[in-house]
Structure formats: C-alpha cells, structure tokens
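**Student:** Prediction below, plus the sequence it came from.
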Amino acid sequence: MRLTVRYLAAILLLAFASGHAAAQVRRVQPGEADQTLQAMRDEMQRSRERLRLGELERPYFIEYRLLDLDVRAITASFGALLGSTSNRNRFMAVDVRVGDYQLDSSSFISDDSFQGFIGSTGTVGIDRDYDSLRQDLWLATDQAYKQAVDSIARKRAFLRSLARQPDIPDFSREQPVSLIEPLREPDWTNRNWEEEAKAVSAVFRNHPELYSTRVTIYLVYATQYLMTSEGSEVRTTRSLAAIEGSLESQSGDGMRLHHYYAKYAAGPAALPPVEQTRRELEVVAREMAVLRMSPPAPDYAGPVLFEPRAAGMLLAQMLGPSISGSRPALSMVPMYDQILERFGGRSEWSSRLNTRVLPASVTLIDDPTAREYNGQPLLGHYEVDEEGVRAQRVVLVEDGVLKNLLLSRRPGPEFQQSNGHGRATFLSEPRAAMSNVFFQSKETLRPEEMRKKFLDACRAEGREWCVMVRQMDNPAVAFTRQEDFSEMIAAVAAGAASGDRLPLLVYRVYLDGREELIRGARLGGLTLRSLRNIAAIGNDYTVYHFHQNAAPGFGGTALGAFSGAQGGLPSSIVAPSLLLDEVDVRGARGEPRRLPIVPAPPLK
C-alpha cells in the first residue's frame, strides 16, 4: 500500500492542485458508473461507528482523499522524439486524527520519524470499482488510526517536557462543503502531439552552439475526491497543459549556461499552435546565442529595474515564505528548524500585523476565485481547497499595511480559521500557499517614464550604466539532469535566507539607452524589507504563470518558486515593472569547465 520515495518523485508530474472547470453543485446521479463517492461514504460511516483499539481514544476526524489521473508526456530534442507516454493511475490518502481540535496527533516530527501529515498513501484500482476501493480504504484507515494513536502518545510526552506548551489549536473547525462536479473525460484534442513536439524542438537544429535541448509537452486531467467525517464531500475535475523547454551550452571561456521556455494553459486545446511556439523558441535560442558571447557580469551595487516578468518571479520567491499564517509542525528535531531557516523558510512578516510592510500605495491580494485577468486565464483558480474549505479572496496588504495572511486548517499565532488556501501536490499535506496574487499600486508610471526614472537615477549616481533584469531563473525547468539542478539549488540555498536570488537575463543599460547582455550575475540582499521603499512602480501589469514547489525542503521556503508542471502547484502573479534603488549584484564566480575537445557534429 505504501509508495516509495523514488516512486513518489517519479509521479510528481501527475500532481497539481488547481484547476479551471466551472463548479456545479449536484448529487451523484443514480446509475452513474463512478462508485467512488459511495464507496468512500460507506467505509467512512463504518469507520466512524466501529474504529477503536481497546480502551484507546476513538478518532475525532477521518479524511479520505483520492486522485484519479490521466497524463500524457511527450519529449523531443533537435526534432527527434525521445519519449511519449500515457498513464492512468489512481492514488489515495487517508488521514486519521486522534485527540481533539486543540491538540491532536498531526503535525509532529519525532526523533525517529515524521508522524503526522498523512496516515496512509497508496494506489487503488483505476476502474472505480466499489468493492475494491472499500477494501483499500479499510486497510488504509486501520493503518492510519494505529499511527495516530502512537503519534498522539509521543506528542503528549514531548509537550510535557516543554517549559511552555503551545496554546494554538492544531486544527481549525470549518463548515462542511458539498461540491460534486460532473465527471469529465480527457480531451486530448485531435492534434498530433508527437509531431508537434518534434516540429517545435527542430527549431534548435539551426543553433549548433546548443549542447543539449529538451522540449516536453505535459497534458494532465485529474479528478480529485475528498470526504471527511465532518460531512464534506467533494469531487472536482481539472486539467492542465504545458510546454517546457530547456537549453544548455557553454561560453568561450568555459562558463556553463542555460535558458528555458515555459508556456502553461488550462487544457490541451489552449496551448499555442506550432508556429507560435516555434517563433517563441527561436527567440529563446537567439537569446542563448547572445548570452554565450556576452561579457561576464561585474560586481555592482545600485539601481536595478525589473521588467514585469522578472518582477513576477521575484515576488513569487520573496512572498512565498512570508504570506502564510499557518505555523510549522511541532518538531523534536533541531535539524528541521535549521533547514527551514537555511532555505529562507522563516516569515519576514511574523508579528508584523497592522504595520507597514510595503509602500503606502501598494495593495496585495490573493484571490483563488479569480478566473482571469484582462481576458487571460489564471492558473491559480479553484473553488474548494485541498482541505474542503471554500476558496476566499484575501486582502493581504492594504495601502502598504499588513492586514491578513494565507491560512490552511493549521492555525497560526495571528489567525485561527482557514481562508481556503490549503494547497498540496499529490495528496501531500496541505499547506497555506499562494494561488492568484495581484500586486497593485495607486501610483504608477508608464513604461517610458519608468525607463527615464531608471536612467535618471543612474545618471545621478555618476554611472555610465546601470542594471536591468528581464527574466529570472528557474532551475527546475532549465535543467534536464537532476544532478545539475541539485548543484544549482545547493549553491543558492546557502544564501536563500539572506535574500540571494537567481536572475537569468541581466543587462547593462547605458545612459544613451543601449542594452548589453551580461552573464553569471547573482542578486543579493533582496529580502521583503527591500520592497518597503520601492523607487517606482510601473503600470505595465503582466500575468506571470509559475508552479510552486511543495516538496519537503522546498514548500514554504525561498526555493518554493522553483518548480514546473512536473509536480508543482499552478499559480499566477499579476505584477508590473519595479525599480529598486539599491541592489547588490555579484559578478560571475566559480571555476569554468573545460570545453569539449571535439566540436559538436553537424545537424542535418
């Protein structure tokens, strides 16, 4: 019944927790082939009535979650098909809690193992068979209950050793939700995805300077089920489609370089046509060619202009750890807290409620109920979160003052109730996370005014040039090899807590307006405190789609914005260009790699 860590990692691409199907409340119709809800309902009732071990406590909360997935993944390189897979899988997770809402068996890390977020996880039959599913749920519920009984005993013993015990509840009371959406069968459209993958990746054949390229098309349909002993019953069907590309090369002096392409949509039919994708990939390839010939970045400290898509990714990295109001798990292991600290997982807005955290003109909103912005669909839309709580629009910052935080059912020091932001990938523990974020200002400048103010600031400091960032990096999409991704993350993690950020396309902008691409730059000291006094904000609001990484060690940290369609939480940020007065830019560091001895073979 258990899934190994390796298998979990392999199927993370199947996981996402945000969708775009219109919600429609209805009961399951008699004769419907999907017997999943009835099996869950019957086994839930039996567990509520009979689940008890001797004189030990009965469960006060039981939750069943199922994920039914249809996935296609097509990968090509230089016009050749590398792989094409289609998978149908069903997974379940059972959570049983012992104790009560104030203190229960969840969210506890003991000195020998993690005890708490999900009781039992495993695969179930894909044909929605009633009897088979009840059998699986019965065994998983039994296992989860026994784990919960052991966990509550360990947790209470640890709490007795503390001088001061937490007085915040472990779990919030919420109103049950009933939301049963119609089942949707996958619609892959009549497009030939294998031929499209080959056609778009063939663009790179015209660029022999590229060492390695990959273009992957992901098409995902997911039906998610949730049932709780409190009375919530949910079935939602969602879809996601993505085209992700990665490019790797080396400069003449041996510096390793990479670039990436990412396009996300609410379903296969919404992906761009082949010719549009080819044009966009050609732009990326040409940017890489210029990057190879560009000079190394020098050290710099001064004004930096972030164009909209760079500002969106920057905000995703900076806001992620601080806009969650849920507290972390109780831990007996000091290393757990140290890892969170090292990866920038501590909130900079803790205990800052009703104080100024952003410029007085800025309002920050997270709204999972928003479906689009100016006609462009948003990825972070959902009706009900992973814990069965209705999605809510949350004003986080109003006129620069912190007013609220994102909450799951894990309460925090400032707020006790969920506001519908418990999100998760692949039936993992839901945590408070962003959905659709809107960074808005009452005082904005047109793009040409932003550019002028930027150059004026540069001139006032007596400089010949200043720095502009056009695009931030995302190693999770840019690298095809896990070892390269791990190496990059290890390098940036060391400075994550102090505000180290990874730009990708960085330019020197001269006073006469000329732009020169530079390579190897890192940004330092960009914490949320940097945003309290933004020099200027543009009116060029742009939708930036990204995926949050919810994996252990990433979720809720400064590294949480590094993910892709293969396992991330679909999210969107609407942000304009930003001008910051003082940013540290560190020039290229590290030893270059030796160039290949023999040139690459010609691509015919």
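**Tutor:** Nice, I can see it.

**Student:** For the protein, name the helix or strand with the lowest mean pLDDT.
**Tutor:** helix 5-10 (a mean of 33; mean pLDDT, DSSP states H and E).

**Student:** now Asp142, what's its secondary structure?
**Tutor:** Counting by DSSP: H, G, I helix; E, B strand; the rest coil, the backbone at Asp142 sits in helix.

**Student:** same thing with Gln224?
**Tutor:** Taking three-state DSSP as the rule, one finds Gln224 in the strand state.

**Student:** ok, back up a step: give the next helix or strand downstream of the least confident helix or strand of the chain.
**Tutor:** As assigned by DSSP states H and E, the chain's next helix or strand after helix 5-10 is helix 36-50.

**Student:** Count the residues that sit near Ala490.
**Tutor:** A count of neighbours around Ala490, defined by other CB atoms under 10 Å, yields 9. Using the backbone N, CA and C atoms, a C-beta is placed for each residue, glycine as well.

**Student:** wait, doesn't Leu219 sit right on Thr85?
**Tutor:** No. Assessed by CB atoms under 8 Å, Leu219 is found out of contact with Thr85, at 10.8 Å.

**Student:** Could you list the low-pLDDT ranges of this protein?
**Tutor:** By pLDDT under 70, the weakly predicted segments of the chain are 1-33, 111-119, 332-345, 553, 590-591, 604.

**Student:** what's the overlap in contacts for Leu219 and Thr85?
**Tutor:** Any residue near both Leu219 and Thr85 by CB atoms under 8 Å, 6 or more residues apart in numbering counts here, and that gives 71-73.

**Student:** Provide the secondary structure category for Arg459.
**Tutor:** Three-state call for Arg459 (three-state DSSP): helix.

**Student:** mind checking how far the spatially closest residue to it that is not a sequence neighbour is from Val290?
**Tutor:** Spatial nearest neighbour of Arg459, chain neighbours left out: Leu511 (6.0 Å); criterion: CB to CB, 6 or more residues apart in numbering. Distance of Leu511 to Val290, computed by CB to CB, to the nearest Å: 21 Å.

**Student:** So what's the residue count around the residue nearest to Arg459?
**Tutor:** By the criterion of other CB under 10 Å, Leu511 has 13 neighbours.

**Student:** Can you list the residue ranges for strands in the stretch 101-250 of the chain?
**Tutor:** For the stretch 101-250 of the chain, the strands defined by DSSP state E, counting those that start in this stretch cover 108-109, 114-115, 120-123, 178-180, 212-228, 233-250.

**Student:** mind checking which of those strands is nearest Leu159?
**Tutor:** With CB to CB, the closest approach to Leu159 among the strands of the stretch 101-250 of the chain belongs to strand 108-109: 9.4 Å.

**Student:** and that closest one, which strands flank it?
**Tutor:** Each strand paired with strand 108-109, and its direction, by DSSP bridges: strand 114-115 (antiparallel), strand 330-331 (parallel).

**Student:** The last one: how far from the chain's middle?
**Tutor:** Just to be clear, that refers to strand 330-331. On the basis of CA atoms, centre = their mean, to the nearest Å, strand 330-331 sits 24 Å off its chain's mean C-alpha point.

**Student:** Check for me that Glu280 belongs to a helix.
**Tutor:** Yes. Counting by three-state DSSP, one finds Glu280 located in a helix.

**Student:** Quick one: the strands in the stretch 501-604 of the chain, in order.
**Tutor:** When assigned using DSSP E, counting those that start in this stretch, the strands of the stretch 501-604 of the chain occupy the ranges 503-510, 515-518, 522-524, 536-537, 542-549, 568-575, 578-586.

**Student:** Of Leu219 and Thr85, which one has the most company?
**Tutor:** Leu219 (25 against 9).

**Student:** Can you name the residues that contact the spatially closest residue to Ser239 that is not a sequence neighbour?
**Tutor:** Using CB to CB, 6+ apart and skipping the chain neighbours, the partner closest in space to Ser239 is Gly267 (4.2 Å). Counting by CB under 8 Å, 6+ apart, Gly267 touches 20, 187, 239-241.

**Student:** Can I get the residues you listed in CSV including distance to Phe562 and neighbour count?
**Tutor:** Below are the contacts of Gly267 laid out as CSV (distance: CB to CB, whole Å; neighbours: other CB atoms under 10 Å):
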residue, distance to Phe562, neighbour count
His20, 24, 20
Asp187, 31, 12
Ser239, 24, 22
Leu240, 18, 24
Ala241, 21, 23
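
**Student:** which one of these is nearest Val397?
**Tutor:** For these, the closest approach to Val397 (CB to CB) belongs to His20, at 26.7 Å.

**Student:** how about the helices in the chain?
**Tutor:** Using DSSP state H, the helices of the chain run over residues 5-10, 36-50, 130-160, 193-201, 274-293, 308-319, 334-342, 447-460, 475-478, 482-493.

**Student:** Looking at those, which is nearest to Glu57?
**Tutor:** Of all the helices of the chain, helix 130-160 sits nearest to Glu57, with 7.2 Å by CB to CB.

**Student:** which residues touch Leu406?
**Tutor:** Taking CB under 8 Å, 6+ apart, we find Leu406 in contact with 323-326, 366, 394, 396, 419, 421, 432-434.
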